[in-house]
Structures are given as C-alpha cells and as structure tokens.
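> Generate a structure from the sequence data that follows.
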Amino acid sequence: MTRQDALNELNLSEKAGSEDIENAYRRMVRRYPPEFNPERFQKIDEAYRFLSSFSDMIERLLSPAAGSGVSAAELQFSAALPPEAVDEALAGLARAARVASLWPKGEPARKK
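Predicted coordinates:
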C-alpha cells in the first residue's frame, strides 16, 4: 500500500494531519463496521495503520520543511532494519542468554 492509496481509502487529502487521519478512521469504521463489512474494514484498518506509522509521520513532518527542492520520493523512509542490525541484536541476546545460564546472579567482575 502506498501513501496515496491509504489517503484514498480514508477519503483524505495530501495535507491531512494526524487528527484528520484519526477522525477519518473513526468515521469510516462507523460507516463500515467490521461485523458487516469485514473486507472493507480490513482495508480501512490497513490504511490507518499505514498512515499512523512512524516512518509516515516523519515523512509528513519533513515535507513542509524540505520545500519544493526535494521530491516526495526522496523523503520516503523504510521501517525495515538493515540485516546487520538484526544480526547484532540476535548476537547480543544469545550472549545474554549464555551469561544468564552460566552465572544466574550476574556476570562476575573481570580482572584487570
């Protein structure tokens, strides 16, 4: 889903802010409740989650400050972590698990 798709799903303009997104979501959920329109509700919910995501909030906040010299594509952010960050996090968790299994009361002080 793109930003434009999400805006269209909630019947919003490009200049919609956080409050507008919240109000549009509530309005659409009342109009298409999940009990009676599960497919439509799923699309509405997906659009709301997309527009209220962290990366999209950053994009909305930076757009006016960037002026006309920067294209919208250059302001797109990816919420995905680089693979090396995931590897480092997993290695840290593995080390913490080893330390906890070897020293339940905490790692002993190292000699200098």
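> What is the subsequent helix or strand relative to the lowest-mean-pLDDT helix or strand in the chain?
Every helix and strand in the chain was compared by mean pLDDT, DSSP states H and E; the lowest is helix 54-66, with a mean of 64. Per DSSP states H and E, helix 54-66 leads on to helix 83-102 as the next helix or strand towards the C-terminus.
> how is the chain carved up into domains?
3-79, 81-112 (automatic domain parsing).
> can you tell me the helix or strand for the residue nearest to Leu10 when sequence neighbours are not counted?
Excluding the flanking residues, the one nearest Leu10 by C-beta to C-beta, 6 or more residues apart in numbering is Ala24, at 4.2 Å. C-betas here are computed from N, CA, C, even on glycine. Following DSSP H and E, the helix or strand that holds Ala24 is helix 18-31.
> just to revisit the earlier point, burial measure for the residue nearest to Leu10, as a count.
For Ala24, the count of nearby residues is 20 (other C-beta atoms under 10 Å).
> Would you mind confirming that it is in contact with Glu9?
No. Judged on C-beta atoms under 8 Å, Ala24 makes no contact with Glu9 at a distance of 9.2 Å.
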